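Participant: 3D model of this:
(one chain, ligands or ions: 1)
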Amino acid sequence: MDLPLFARLRLPPELGDVHQGDCLELLGRMESGSVHLAFADPPFNIGYDYDTYDDTRSADDYLAWSERWMGEIARVLRPDGTFWLAIGDEYAAELKVMATRTLGLTCRSWVVWYYTFGVNCKYKFSRSHAHLFQFVKDPSTFTFNLDAIRVPSARELVYADKRANSKGRLPDDTWILRPQDLPEGFGPEENTWYFPRVCGTFKERSGWHGCQMPEQLLGRIIRACSNPGDTVLDPFAGSGTTLAVAKKLGREFLGFELSEAYAARVRERLAVIELGQPLDGAPEPLKSVPATQAGRRLKTPEAESAKPKKPGRKPRSAPR
Ligand SMILES: C[S@@+](CC[C@H](N)C(=O)[O-])C[C@H]1O[C@@H](n2cnc3c(N)ncnc32)[C@H](O)[C@@H]1O
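Facilitator: Sure, this is the predicted structure:
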């Protein structure tokens, strides 16, 4: 395949596109201090079956490679920039220490993303979470748009308490079993975030990339940690979720993807996206999760007023 001109001349990769190639090489062409927000969901080195990349490196090799690409991310970040890393249990601890101790970033949040529809295990607990680290270059200057990511509080959602702040609360972390059975256990004030994985039957699912992240999850990160017009980078574009969401939210964006086939599909995905289009998926999954027969139902005002009235039953205090 003929390389595009910018690649032959080793020009910086252009904004508004996904670039096929090795992120290390492409990052190397970027100017230092040019990115407001980087989101990376690298291969987890767990033997996942990608079409090009071999996800079975030795631990030492994986860690050395991670240090190189994360070092490049730290370099291309602006002084007030933010880097979010999605990673599995296997390397979460090591990559966090690498980012902070070796690369000098500051960890602002260690978010646990709790998801349903994970892979069922037989001889251990089925995994239903991934780690999301929010690193900043300068702990005193970074973007965090609290008002852009508020969620309804438990006071409002569960107790219909009129004193609840109608603007909602900042999401934070807690442990959850099944959200539909334990609504109080998944408070929006806690830092475990519930977004269903994009499973096979979902309308949102593109169907050609097994690691597609939900748009709502990226929406929260991009809204919180960047402003319209800022530059958002994803060095492991995959199905292109970060780029799609950045485009919908009016950010400049660029992504890198090793696989030619994936990159071509991402381009198709981006081509039909327009600024301002709604993100796929439920913005507040708890409100849209159906109760089970044995579980407890969220008492929303809408659900209450929709309940059928029992025939023949009089109100306790009949109007005179
Ligand atoms: C976990 S997936 C990313 C999924 C993505 N977050 C999404 O929502 O679809 C990781 C991707 O990184 C790509 N990849 C692996 N090594 C790469 C490299 N050196 N440079 C660029 N992309 C790479 C793989 O092909 C794979 O598509």
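
Participant: which SS state does the spatially closest residue to R75 that is not a sequence neighbour fall under?
Facilitator: Closest residue to R75 apart from its sequence neighbours, by CB to CB, 6 or more residues apart in numbering: S32 at 5.2 Å. The C-beta positions use only the backbone N, C-alpha and C, and glycine is treated the same way. Secondary structure, DSSP: H, G, I helix; E, B strand; the rest coil: S32 is coil.

Participant: next one: F135
Facilitator: strand.

Participant: Name the residues linked to it by a beta bridge.
Facilitator: With DSSP bridges as the criterion, F135 is bridged to F83, C107.

Participant: Residue numbers of the protein in contact with the ligand?
Facilitator: Contact residues, the chain versus the ligand (CB under 6 Å from any ligand atom): 22-23, 41, 43, 50, 52-53, 209, 211-213, 236, 238-239, 241, 256-259, 262.

Participant: What confidence value was assigned to E189?
Facilitator: E189 is assigned 49 on the pLDDT scale.

Participant: Check Y48 too.
Facilitator: 91.

Participant: now swap in F236 and tell me
Facilitator: 98.

Participant: Which of the three states applies to the residue of the chain found nearest the ligand?
Facilitator: Nearest residue of the chain to the ligand: G238, at 2.4 Å (CB to the nearest ligand atom). Assigned state for G238: coil (three-state reduction, three-state DSSP).

Participant: Tally up the residues packed near it, please.
Facilitator: Applying other CB atoms under 10 Å, we find 27 residues neighbouring G238.

Participant: same check, this time on T82
Facilitator: For T82, the neighbour count with other CB under 10 Å is 27.

Participant: L146 now?
Facilitator: 10.

Participant: Spit out the contact partners of the spatially closest residue to it that is not a sequence neighbour.
Facilitator: Residue nearest to L146 in three dimensions, not counting chain neighbours: L170, with 5.8 Å by CB to CB, 6+ apart. Counting by CB atoms under 8 Å, 6 or more residues apart in numbering, L170 touches L146, I149, R150, V151, E189.
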